[in-house]
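Visitor: Return a 3D structure for these sequence lines:
(one chain, ligands or ions: 1)
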Amino acid sequence: MAVELHPYNHGFEWTSVRGPFRRITQAQADSFNRRGFFVLEDALDSEMIARAVDAIRPWEAKVEASLRAAPGRRMFIAEAEGISFTVHLVKRSQVLRELSAAPVFVDLCRDLIGPDVRLYWDQAVYKKPEYEKPFPWHQDNGYTYVEPQAYLTCWVALTDATERNGCPWVVPGGHLRGTLKHHLSELGWVCRDEDGPEALAAPVRAGGAVVFSSLMPHRTGPNLTQEVRQAYILQYAPDGARVVESNAPCNAPDRQYFVVRGGARVAPPPL
Ligand SMILES: O=C(O)CCC(=O)C(=O)O
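Guide: Got it, this is the predicted structure:
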């Protein structure tokens, strides 16, 4: 499938991650380098999942209420009784703040980014029952173009994510050319129209994470079930990352704090 590059993307070369690794296996590192992703089962135990779900609930309910009151019951790519995005939860919940710097994520940051890493973004994405719209193919760096282009996304399943309820799909190897050209649609930014034969579903059990590069083209399917598909997305970037359009550093003290500094875990500043 022919791909066009994002206009800001010149001369991108993928830098392979190399060991020694603290958390990931060599096979997971190879998958991250060659395919751009891997699935990490059991990143969270059942108690951590329950605490995260409880912490997200009141804020997601407020987002859903605002969507129901909005013109057309939509705001940008969110839709009442369809898909909600509850962003920057680490600014509101001590539980989620601590989760963002839990040992599993800190180890992933050290293994896959380096010794100086900040939280870049966090959001809960809930897909409501019988919501038949897909979330289209995109790369995370296609939303807000950041340099360095390659940062880390942990798509954490709070409920089992299956092909029936909208698990992520990925394009193995699709990260290697850097950020692709995107166009805006009603459902979100789009870098690819069709699945193509190489697209792969990445189902993951509750508590597991699909760990991928910000350059991995991914989409999620419709939710054909009667239950809400719940995910919490944590993204991490190397210290010094900047948003290209504004030249703003990604270091907002209230939510883009260090989780690893000089190779050591850093506790988030208290709320
Ligand atoms: O979780 C979803 O359904 C889509 C979310 C997503 O791909 C994203 O936030 O980049």
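Visitor: Wait, a helix at Glu64?
Guide: Yes: looking at Glu64 with DSSP: H, G, I helix; E, B strand; the rest coil, it is inside a helix.
Visitor: Please verify my assumption that it contacts Ala80.
Guide: Yes: the pair Glu64 and Ala80 passes the contact test of C-beta atoms under 8 Å, sitting 6.6 Å apart. C-betas here are computed from N, CA, C, even on glycine.
Visitor: What parts of the chain come near the ligand?
Guide: Contacts of the chain with the ligand, taken as C-beta under 6 Å from any ligand atom, map to 125, 127, 135, 140, 166, 218, 220, 231, 233.
Visitor: quick one, strands of the stretch 151-271 of the chain?
Guide: Using DSSP state E, counting those that start in this stretch, the strands of the stretch 151-271 of the chain run over 152-157, 168-170, 183-185, 188-190, 200-201, 209-213, 218-220, 229-238, 242-243, 248-249, 258-261, 264-265.
Visitor: mind giving me a markdown table with those strands and columns for mean neighbour count and mean pLDDT?
Guide: Listed next are those as a markdown table, based on neighbours: other C-beta atoms under 10 Å; pLDDT from 0 to 100:
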| stretch | mean neighbour count | mean pLDDT |
| --- | --- | --- |
| strand 152-157 | 26 | 98 |
| strand 168-170 | 23 | 98 |
| strand 183-185 | 11 | 96 |
| strand 188-190 | 18 | 96 |
| strand 200-201 | 14 | 98 |
| strand 209-213 | 26 | 98 |
| strand 218-220 | 24 | 98 |
| strand 229-238 | 23 | 98 |
| strand 242-243 | 14 | 98 |
| strand 248-249 | 12 | 98 |
| strand 258-261 | 20 | 98 |
| strand 264-265 | 13 | 97 |
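Visitor: Make CSV out of these and add distance to Val3.
Guide: As requested, the strands of the stretch 151-271 of the chain are exported to CSV (distance: least, C-beta to C-beta, whole Å):
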stretch, distance to Val3
strand 152-157, 20
strand 168-170, 15
strand 183-185, 13
strand 188-190, 12
strand 200-201, 17
strand 209-213, 16
strand 218-220, 15
strand 229-238, 23
strand 242-243, 23
strand 248-249, 28
strand 258-261, 32
strand 264-265, 38
